[in-house]
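[1] Below is the structure, and that's it, no one-letter string:
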């Protein structure tokens, strides 16, 4: 399981490639003076020739304008990445930290995330799982701040490998599957091949060999299609492990040989060592002890040259088994004790508990952030409700006012109508009275005239 740790760095480099144009955020909008094509060439060169990529980046860094912080950050990041491929972790961490400080000073969230991802990778490879997890979590948070959550897939893959190295296969598989399903956008084939290899590792540890081989075949096809030699040699190494565990030593030897050849062509130091360890185990299973011892001592020498605890652990374990078969129990015990000591240093319970504590704290922070978001939304809803209530109250008062105005208007109209009716009644009464008076005058006049006539006649 541990021999696959270099897969971590693939996810880190992928993040570097995706952020070639990066988001500088509103606080810093100055673009890089170096063209994107320059960064793309350096990125591709890191895989084929880390030393050349390192020299090119250092040369550009020396001639760079001091105000061009964007280019400076990216170049220091690539220099750190080249040192990682050379397994020179102190220098890698040095340049990554310088790049991280520059990126944080201008709130360059995209690159802050990428560099934290790379630092997590380095600490993971060196067995500092607590530091690795902290940096990887910081990478996830900064991808969110940068507004590029689709770039989290490489980091999720790296966190999965952290759990894989802690023998928590279920948790590791969850992260690998999340890395594949983070978005519907087309994914980088290098990263997809890496994740498929890691999923195969999980299935291998769960004794699901058919599923593991299927995942490996998919990864190999993808790597060959895109000429991804790094993932390809790792795929064959894992395939060798599967065949060896099932007792098919011929296929295992063939797979390890392919892995070593591809790693030699790409000058991939750790993968060469891992393939040699696999070949040594196969030869030991075939009772070819002398050839196996040759491979074991060679790997131990390589591990001591690079001061790699991972390689030392596997080399000591292989040598312990070899000397046991040679019946040299004293040397076998010495190598086994070294193996146990190194393994305990890398996987002690304190570190495991620290990892889980960090994860719980991160989850607690996420819960707090989610609660703050909920409170914020509730406050916004409350404000909207208050505004709606106020508007409703105003509307109701307006309706009441309109209604009262309408009623007042009706009362005025009714009073005016009553006044008009009274006036008309007065006029009608006056007219009737005048008509009655005129009629009486007419009748009186007629009586007067008739009486006069009668008197005259009498």
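    Looks like it arrived, so ask away. Keep in mind the model is a prediction, meaning the values are calculated, not measured.
[2] quick one: contacts for residue 50?
    81-83, 85-86, 267 (C-beta atoms under 8 Å, 6 or more residues apart in numbering). Yep, even glycine has a C-beta here, placed from its N, CA and C like the rest.
[3] Any idea how many residues pack against the nearest residue to residue 113 once chain neighbours are set aside?
    Leaving aside its sequence neighbours, residue 113 sits nearest to residue 142 (C-beta to C-beta, 6 or more residues apart in numbering; 3.6 Å). Under the neighbour criterion other C-beta atoms under 10 Å, residue 142 is assigned a count of 26.
[4] list the contacts for residue 311?
    Residue 311 touches 270, 273-274, 277, 299-300, 302-303, counting by C-beta under 8 Å, 6+ apart.
[5] Run through the helices of the stretch 101-250 of the chain in chain order.
    In the stretch 101-250 of the chain, the helices defined using DSSP state H, counting those that start in this stretch lie at 109-125, 129-145, 152-165, 169-180, 189-205, 209-225, 229-245, 249-266.
[6] picking up where we left off before, most neighbours out of the contacts of residue 311, which is it?
    residue 274 (30 neighbours).
[7] how far is stretch 406-418 from where the chain is centred?
    Chain-centre distance of stretch 406-418: 72 Å, with C-alpha atoms, centre = their mean, to the nearest Å.
[8] For the nearest residue to residue 198 once chain neighbours are set aside, which residues are in contact?
    Residue nearest to residue 198 in three dimensions, not counting chain neighbours: residue 176, with 5.1 Å by C-beta to C-beta, 6+ apart. Residue 176 makes contacts with 156-157, 160, 195, 198-199, 202, as judged by C-beta under 8 Å, 6+ apart.
[9] please redo it, this time with the cut-off set to 10 Å
    When contacts are counted by C-beta atoms under 10 Å, 6 or more residues apart in numbering, residue 176 is found next to 153, 156-157, 159-161, 163-164, 194-202, 215.
[10] So among these, which ones count as buried?
    153, 156-157, 159-161, 163-164, 194-202, 215 (16 or more other C-beta atoms under 10 Å).
[11] remind me, longest helix of this protein?
    helix 349-457 (DSSP state H).
[12] what's the angle from that helix to helix 152-165?
    Inter-element angle recorded for helix 349-457 and helix 152-165: 140 degrees (by axes from the mean of the first three to the mean of the last three C-alpha atoms, to 10 degrees).
[13] Helix 349-457 - contacts with which helices or strands?
    Here helix 349-457 touches helix 129-145, helix 152-165, going by 3 or more C-beta pairs under 10 Å, 6 or more residues apart in numbering; DSSP states H and E.
[14] can you rerun that using 7 Å?
    Here helix 349-457 touches helix 129-145, going by 3 or more C-beta pairs under 7 Å, 6 or more residues apart in numbering; DSSP states H and E.
[15] Output the below-cut-off pLDDT ranges for the protein.
    1-32, 182-187, 346-369 (pLDDT under 70).
[16] List the buried residues for stretch 215-223?
    Counting neighbours by 16+ other C-beta under 10 Å, stretch 215-223 gives 215-216, 218-220, 222-223 as buried.
[17] Run the chain-centre distance for it.
    How far stretch 215-223 lies from its chain's middle: 24 Å, per C-alpha atoms, centre = their mean.
[18] Could you do stretch 78-92 as well?
    24 Å.
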